[in-house]
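**Student:** sequence and predicted model, in that order:
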Amino acid sequence: MNEAEELLATAEWDLPPERHRHFKDVLMQRIDDDENRAAKPSVRRRLARPAVLVPLVSAALAGALLTTLTLGGQPPQAPAGSASGTLNRIATAVMASDTIRVRDDQFVYVRALDRSNTGSFGGPVRLGALHTEESWTAQDPGPLKVTGWLRSSGKDAVMPGQLIPVESADAVPAGVFHPTYRWLASLPTDPDALLRRLREEARPVEGESRDQAVFSLIGDLISGTVMPPANAAAFYRAAARLPGVREIPDAVDAAGRHGIAITLDDTGFATRHEWIFDKESLALLGSRFYITDPDRGITTETLAGTSAVMETAVVDRKGEVPARAASR
């Protein structure tokens with residue numbers, strides 16, 4: 001197995017369904033290139049886990065550009081303890097978060113702890129060792145072929161210590177696959193309007209409902225980006241409107257921190273994601289990813305990935321690590 005194939009095996013179940021097909025197509029093309037030219041593979045991975053899923057304390061919850069906007073079209077108050085009620089409480093907390101300002105020439109930096117599947121492609125899950133993943137997401141609206149950079153370290157890390165470009169075959173403008181601050185700030189802050197937009201953007205894969213694709217897309221966008229609080233709040237309020245969202249009273253992220261989890265049940269699909277929030281501050285802590293796939297011998301729901309965001313900041317250059325005192 002060459003290095004690109006090892007990367008595919010590691011990352012296969014690390015991606016939200018929305019990006020899985022794109023990643024696989026690009027990476028398999030690079031594997032073919034490796035066989036012909038012995039070139040290193042480019043990487044098309046989720047930049048944070050939700051994050052690396054990756055890859056999730058989230059920049060969205062750290063806040064950006066405080067506003068006094070009022071979100072319209074809010075549903076009646078949900079009962080305490082319900083998923084929709086918790087998501088609306090999270091949205092309220094986001095609106096009170098601090099400001100992080102981001103320029104087009106900067107990068108959003110995320111440092112996360114991660115455990116992901118190291119089993120062979122198509123085989124059973126083998127959860128690897130806890131390791132560190134860092135990402136730098138370019139804020140240049142592009143279009144760009146390289147939209148960010150990744151670096152992993154520790155046991156079971158992919159190409160440890162190397163700064164790896166997040167590269168696409170074609171130049172990508174700001175949007176779902178290149179989520180910049182400016183683009184996120186341009187999205188509707190009305191949750192109903194945002195949900196309509198997300199339903200248009202989502203591309204369900206085979207067997208996946210559109211609601212599940214939207215849930216995964218939201219998780220991807222809140223888990224490694226910086227956006228205005230009004231936009232972050234709208235994402236959570238939009239998620240609260242998805243049928244099937246469910247609260248899990250106790251969940252543990254990759255760092256061992258306990259929190260409340262939000263998930264969406266889709267019994268017709270092989271994967272399930274959880275977003276984990278601190279029980280007191282409601283900050284986004286991390287994520288967990290489960291799979292059920294009888295064709296691979298996975299007959300019961302199995303943990304296939306978990307992450308914890310430890311640091312989020314804005315830096316001026318790729319590869320730059322913020323001073324710990326200045327991190328968000």
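**Tutor:** Now that the structure is in, tell me what you want to look at. Numbering: from 1, shown residues only.

**Student:** could you pull out the strands for the protein?
**Tutor:** In the chain, the segments counted as strands under DSSP state E are 107-116, 131-138, 144-153, 164-172, 245-252, 258-264, 271-277, 284-293, 298-315.

**Student:** okay if I get these as JSON lines plus mean neighbour count, mean pLDDT and distance to residue 187?
**Tutor:** Any C-beta I mention is one placed from the backbone N, CA and C, and that applies to glycine too. As requested, the strands of the chain are exported to JSON lines (neighbours: other C-beta atoms under 10 Å; pLDDT from 0 to 100; distance: least, C-beta to C-beta, whole Å):
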{"stretch": "strand 107-116", "mean neighbour count": "26", "mean pLDDT": "96", "distance to residue 187": "16"}
{"stretch": "strand 131-138", "mean neighbour count": "23", "mean pLDDT": "97", "distance to residue 187": "17"}
{"stretch": "strand 144-153", "mean neighbour count": "20", "mean pLDDT": "97", "distance to residue 187": "18"}
{"stretch": "strand 164-172", "mean neighbour count": "16", "mean pLDDT": "95", "distance to residue 187": "17"}
{"stretch": "strand 245-252", "mean neighbour count": "15", "mean pLDDT": "97", "distance to residue 187": "20"}
{"stretch": "strand 258-264", "mean neighbour count": "22", "mean pLDDT": "97", "distance to residue 187": "20"}
{"stretch": "strand 271-277", "mean neighbour count": "25", "mean pLDDT": "95", "distance to residue 187": "19"}
{"stretch": "strand 284-293", "mean neighbour count": "25", "mean pLDDT": "93", "distance to residue 187": "18"}
{"stretch": "strand 298-315", "mean neighbour count": "20", "mean pLDDT": "93", "distance to residue 187": "19"}
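
**Student:** mind giving me CSV with those strands and columns for distance to residue 122?
**Tutor:** Formatted as CSV, those follow (distance: least, C-beta to C-beta, whole Å):
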stretch, distance to residue 122
strand 107-116, 16
strand 131-138, 23
strand 144-153, 23
strand 164-172, 24
strand 245-252, 28
strand 258-264, 25
strand 271-277, 15
strand 284-293, 9
strand 298-315, 11
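
**Student:** so residue 241 touches residue 195, yeah?
**Tutor:** Yes - when contacts are counted by C-beta atoms under 8 Å, residue 241 is listed as touching residue 195 (5.8 Å).

**Student:** same drill for the two, tell me which one is more crowded.
**Tutor:** Between residue 241 and residue 195, residue 195 has the larger neighbour count (other C-beta atoms under 10 Å), namely 23 against 17.

**Student:** residues touching the nearest residue to that one once chain neighbours are set aside, list them.
**Tutor:** In space, not counting the residues next to it along the chain, residue 195 is nearest to residue 238; the distance is 4.3 Å by C-beta to C-beta, 6 or more residues apart in numbering. Contacts for residue 238 (C-beta atoms under 8 Å, 6 or more residues apart in numbering) come out as 191, 192, 194, 195, 198, 218.

**Student:** give me the nearest residue to residue 87, chain neighbours excluded.
**Tutor:** Closest residue to residue 87 apart from its sequence neighbours, by C-beta to C-beta, 6+ apart: residue 240 at 3.9 Å.

**Student:** give me the pLDDT for that neighbour.
**Tutor:** According to the prediction, residue 240 has pLDDT 98.
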